[in-house]
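Peer 1: Sharing a model prediction with you, sequence too.
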Amino acid sequence: MVRPAPLPEIPLGHDRPPAPFSLPDNFQLGTATASLQIEGGDRNNSWFRWCERGRIKDGSHCLRACDHWNRVAADIELQKALGVTAYRMSLEWSRIEPREGTFDEEAIALYREELTALRKAGITPMVTLHHFSNPLWLEDSGGWTAASIVDRFGRYTARVAETLGDLVDHWVTINEPNVYLAFGYLFGEWPPGKRSPSAYFTGARRVAAAHEEAYRLIHAISDARGQHPMVGIAHHLRVYDPATPERPDKRAAARLQRLFQDIFLDRTVPFSDFIGVNYYSRDIVARSANPFTAFTRRSVKADRRVNDLGWEIYPEGLSRICTQLGQRYTLPLVITENGIADAGDTLRSRYLYDHLREVADLVSSGADIRGYFHWSLMDNFEWLEGESARFGLYAVDYETQQRTLRRSGEFYQAICRDRGVTRKSIREYLE
Ligand code: IFM
């Protein structure tokens with residue numbers, strides 16, 4: 001039997017000694033969250049029902065989350081303390097349109113207050129319209145595979161753009177459509193629990209059409225006001241590397257990249273003003289990988305550092321992804337998410353440094369990358385992992401809802417203050 005040749009050694013980000021770097025003055029530094037993961041208190045969405053059915057691994061419930069719905073002002077103070085210039089948040093569709101065609105003015109007014117307060121604090125909001133959760137009426141009448149989603153998403157988008165759009169210059173229509181459709185419609189692990197390749201592909205077509213409709217509507221409504229917002233999608237992008245340099249492994253890796261990312265990029269980039277990059281990790285793909293399960297079963301080389309969820313820490317992947325995007329498309333990029341599940345906070349500072357340095361290097365060599373949003377502002381409800389995965393710059397005690405800045409949060413604070421990393425912060429946080 002011929003032994004496959006080993007992959008060429010790629011140095012770990014951690015092997016590169018930290019050096020100072022700086023970011024341009026207009027580069028946005030922010031954090032990101034999602035409504036379902038932080039707000040709590042809403043019973044009218046698909047994840048509420050999923051939690052009620054006991055589908056969350058640690059038994060926690062999105063009804064609690066971070067109780068952000070009642071703590072908006074205090075959570076903006078947390079961001080002010082960090083010194084960020086931007087914040088990516090999402091709106092809960094089930095609150096805004098609790099029944100089909102009926103809009104809740106009170107919920108819209110509360111989001112207006114939040115956006116106004118952010119702007120007043122000098123924090124530019126980036127608003128996501130759909131981040132994995134649906135109103136129950138939508139979930140029960142076809143969700144994202146029905147043709148009606150295009151008009152329904154359009155109607156919701158139009159109402160939001162009309163009532164909140166004057167406060168928003170950066171929109172994400174849909175967060176990680178590949179993850180949403182793969183887990184919800186292909187593997188059945190998330191609501192609505194379908195296991196159907198054809199639903200996945202139909203959903204991918206609907207997502208592209210719904211995004212295009214939302215893109216058109218946001219621009220039409222904003223243009224009429226003389227406003228020119230940037231509209232895009234936050235794509236979940238991974239590096240897929242073949243397990244060996246042999247052709248069958250390379251083909252398997254290329255197939256996953258096509259199935260889980262390229263089809264979404266190719267169909268939506270023509271109707272986008274920027275590409276949002278949510279980057280966390282890479283997967284190693286062998287020829288034996290079943291393309292329909294490989295996405296959820298992450299495969300990592302034995303000697304690699306991983307986060308609490310077993311995802312490889314691979315900072316170079318962020319540059320590889322951005323460079324590839326730069327070669328294929330001509331749009332500006334925004335790092336709409338990047339972060340680590342690290343309950344002990346032993347890896348986050350270095351993770352943050354290594355990834356941001358990749359971005360800074362690209363920017364200084366001329367790449368058009370407009371900002372970096374760290375996932376996440378605070379620990380939050382991490383879907384099937386519930387409260388157990390800790391992604392926050394602030395630790396959350398869910399019993400008391402107390403937020404405590406982690407050491408890595410202090411490091412991000414220094415980065416925001418210095419607009420980069422200085423020798424002093426390297427000594428203080430990385431040595
Ligand atoms: O928490 C999620 C987020 O909702 C979407 N992107 C990945 C994050 C970490 O898994």
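Peer 2: Noted; the coordinates are in hand.
Peer 1: residues contacting Thr85?
Peer 2: Contact analysis of Thr85 by CB atoms under 8 Å, 6 or more residues apart in numbering lists Gln28, Leu29, Gly30, Gly122, Ile123, Thr124, Cys416. Every residue, glycine included, has its C-beta placed from N, CA and C.
Peer 1: what about 10 Å?
Peer 2: 25-30, 79, 122-124, 371, 416, 419 (CB atoms under 10 Å, 6 or more residues apart in numbering).
Peer 1: Wait, a strand at Leu237?
Peer 2: Yes: Leu237 forms part of a strand when assessed by DSSP: H, G, I helix; E, B strand; the rest coil.
Peer 1: Show the contacting residues for it.
Peer 2: With the criterion set at CB under 10 Å, 6+ apart, Leu237 makes contact with 176, 178, 257, 260-262, 264-265, 275-280, 282, 317-318, 320-322, 324-325, 337.
Peer 1: Now do the longest helix along the chain, average pLDDT.
Peer 2: Counting by DSSP state H, the longest helix found in the chain is helix 197-225. The average pLDDT for helix 197-225 rounds to 98.
Peer 1: ditto for stretch 387-399
Peer 2: The model assigns stretch 387-399 a mean pLDDT of 98.
Peer 1: Over to stretch 80-98?
Peer 2: Rounded mean pLDDT across stretch 80-98 is 99.
Peer 1: which parts of the stretch 251-400 of the chain sit against the ligand?
Peer 2: For the stretch 251-400 of the chain, the residues in contact with the ligand (CB under 6 Å from any ligand atom) are Asn278, Glu337, Trp375, Glu382, Phe391.
Peer 1: Helices of the stretch 251-400 of the chain, residue ranges please.
Peer 2: Using DSSP state H, counting those that start in this stretch, the helices found in the stretch 251-400 of the chain span residues 263-268, 316-328, 348-364.
Peer 1: Out of the ones you listed, which is the most enclosed?
Peer 2: helix 348-364 (a mean of 22; mean count of other CB atoms under 10 Å).
Peer 1: Would you mind listing the buried residues in the lowest-mean-pLDDT helix or strand in the chain?
Peer 2: Least confident element among the helices and strands of the chain, by mean pLDDT, DSSP states H and E: helix 247-257 (a mean of 94). Judged by neighbour count (16 or more other CB atoms under 10 Å), helix 247-257 contains these buried residues: Asp249, Lys250, Ala252, Ala253, Arg255, Leu256, Gln257.
Peer 1: can you pull the contacts of the third one?
Peer 2: Contacts for Ala252 (CB under 10 Å, 6+ apart) come out as Tyr240, Pro242, Ala243, Val285, Ala286, Arg287, Ser288, Ala289, Asn290, Pro291, Ala294.
Peer 1: ok, 8 Å please
Peer 2: So Ala252 contacts Pro242, Val285, Ala286, Arg287, Ser288, Ala289, Pro291 (CB under 8 Å, 6+ apart).
Peer 1: Run a quick neighbour tally on the fifth one.
Peer 2: It refers to Ser288. By other CB atoms under 10 Å, 10 other residues sit near Ser288.
Peer 1: Let me see the ranges of the strands in the stretch 301-431 of the chain.
Peer 2: Using DSSP state E, counting those that start in this stretch, the strands assigned to the stretch 301-431 of the chain run over residues 333-337, 369-375, 394-397, 402-405, 420-421.
Peer 1: Return the set of buried residues in the fourth one.
Peer 2: Taking 16+ other CB under 10 Å as the neighbour-count basis, strand 402-405 is seen to contain the buried residues Arg403, Leu405.
Peer 1: who touches it?
Peer 2: Asp75, Leu78, Ala81, Met378, Leu393, Tyr394, Ala395, Val396, Asp397, Gln413.
Peer 1: Pick out whichever of the contacts of Thr85 sits closest to the ligand.
Peer 2: The ligand has its nearest neighbour among those in Gly30, at 14.8 Å by CB to the nearest ligand atom.
Peer 1: what are the bridge partners for the residue lying closest to the closest one once chain neighbours are set aside, then?
Peer 2: Nearest non-adjacent residue to Gly30, counting by CB to CB, 6 or more residues apart in numbering: Ala86, 3.3 Å away. Beta-bridge partners for Ala86, by DSSP bridges, are Gly30, Thr124.
Peer 1: Show me what from the stretch 1-150 of the chain comes close to the ligand.
Peer 2: Ala34, Gln37.
Peer 1: any chance you could map the strands in the stretch 1-150 of the chain?
Peer 2: 21-22, 28-32, 86-90, 124-130.
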